[in-house]
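Peer 1: A structural model of the following input is requested.
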Amino acid sequence: MLLDHTIPKPKTLEGYRVHQLVQGITNGETPLFLDKGYSILVRTEQPITEKGEPIRSVSKGDIIAFELRACVSKKVSGKHKYFEGSNYKARHDWLRAKGAQNGFEPLTMTCSTEMQKIMDAKERSFLVDKTDFAGILKVVDVENFNKALKGGIGSTAKAFGFGLLVI
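Peer 2: Below is the predicted model:
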């Protein structure tokens, strides 16, 4: 069973340091998490807090509100190409394609985007696209949707708090 844990934190604690702390409380696993500013939402299969909330179960056809922070890009010659900040159509198309792969259909969505600076373990910094989606989705394939809840959406920056589908 998947559990969501909300862990309070100082707003100034961010980036790779959050990743390290999350790994520390999950015995070195790399679970999905979302830095929400003053708290971290961590999704695990094992309990890490007494207040872990089970993920709601879903059925085919369920209509559910969602949030998702993703690094939206497409690969060109093996490198990630980010869309221009104002290209919301490309971001919406990206999420529709990810939804088709992951058992859901976005019915409505909004998004905001910015480039986020990330510092890695060796204190090298780089920029990634940070797109925050919110909307309403329809579950079309329960098995694939549950895989998405466990494994996340997208392939980039999951270790830095991207990819967690919050329902």
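Peer 1: domain ranges for the protein?
Peer 2: Here the domain assignment for the chain is 3-53, 56-166, based on automatic domain parsing.
Peer 1: Now render those domains as TSV, adding mean pLDDT and mean neighbour count.
Peer 2: (Glycine included, C-beta is placed from N, CA and C.) Compiled in TSV, the domains of the chain are given as follows (pLDDT from 0 to 100; neighbours: other Cβ atoms under 10 Å):
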stretch	mean pLDDT	mean neighbour count
domain 3-53	90	15
domain 56-166	93	16
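Peer 1: Show me what the lengthiest helix in the chain is in contact with.
Peer 2: If you go by DSSP state H, the chain has its longest helix at helix 88-101. Contacts to helix 88-101, defined as Cβ atoms under 8 Å, 6 or more residues apart in numbering, come from residues 68, 70, 72, 74, 83, 105-106, 109, 111, 113, 131, 133, 137, 144, 153-154.
Peer 1: And the helices in this protein, which stretches?
Peer 2: Counting by DSSP H, the chain has helices at residues 16-25, 88-101, 142-151.
Peer 1: export those to a markdown table and tack on distance to Ile63?
Peer 2: Below are the helices of the chain laid out as a markdown table (distance: least, Cβ to Cβ, whole Å):
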| stretch | distance to Ile63 |
| --- | --- |
| helix 16-25 | 31 |
| helix 88-101 | 13 |
| helix 142-151 | 13 |
